[in-house]
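Engineer: Sequence unavailable; structure follows:
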């Protein structure tokens, strides 16, 4: 049983998570979000959602850990 608990803890250690970041300033960059949110954990990807035509920020992003 102790082995199963250790395996479960190890599996949870590598779970990925996504964080929604809303109401961001239109000029916020991916680099700024990585800098801020890397204090919480290892950031794998930052995606700022943008208008398809103008490429302007829609004011929200996702940070993946």
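Structural biologist: That came through, no problem. The model shown is predicted, which means the values in this text are computed figures rather than measured ones. Numbering: from 1, shown residues only.

Engineer: Confirm that residue 52 lies within a helix, as I assumed.
Structural biologist: No - using DSSP: H, G, I helix; E, B strand; the rest coil, the assignment for residue 52 is coil, not a helix.

Engineer: any idea how far residue 39 is from it?
Structural biologist: For residue 52, the distance to residue 39 equals 32 Å [Cβ to Cβ, to the nearest Å]. Every C-beta, even on glycine, is put in place using the N, C-alpha and C of the backbone.

Engineer: the strands in the protein, which residues?
Structural biologist: 18-21, 45-50, 57-64 (DSSP state E).

Engineer: Adding mean pLDDT and mean neighbour count, write those out as a markdown table.
Structural biologist: What follows is those, written out as a markdown table (pLDDT from 0 to 100; neighbours: other Cβ atoms under 10 Å):
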| stretch | mean pLDDT | mean neighbour count |
| --- | --- | --- |
| strand 18-21 | 97 | 13 |
| strand 45-50 | 98 | 15 |
| strand 57-64 | 98 | 16 |
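
Engineer: quick one: which of those is nearest residue 33?
Structural biologist: Shortest distance between residue 33 and the strands of the chain, using Cβ to Cβ, is found for strand 45-50: 4.7 Å.

Engineer: Hey, what's the angle from the closest one to strand 57-64? Just curious.
Structural biologist: Orientation check (axes from the mean of the first three to the mean of the last three Cα atoms, to 10 degrees): strand 45-50 against strand 57-64 gives 160 degrees.

Engineer: Output the contacting helices and strands for strand 45-50.
Structural biologist: Here strand 45-50 touches helix 30-37, strand 57-64, going by 3 or more Cβ pairs under 8 Å, 6 or more residues apart in numbering; DSSP states H and E.

Engineer: re earlier: could you dump the strands of the chain to JSON lines with distance to residue 35?
Structural biologist: Putting the strands of the chain into JSON lines (distance: least, Cβ to Cβ, whole Å) gives the following:
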{"stretch": "strand 18-21", "distance to residue 35": "13"}
{"stretch": "strand 45-50", "distance to residue 35": "10"}
{"stretch": "strand 57-64", "distance to residue 35": "11"}
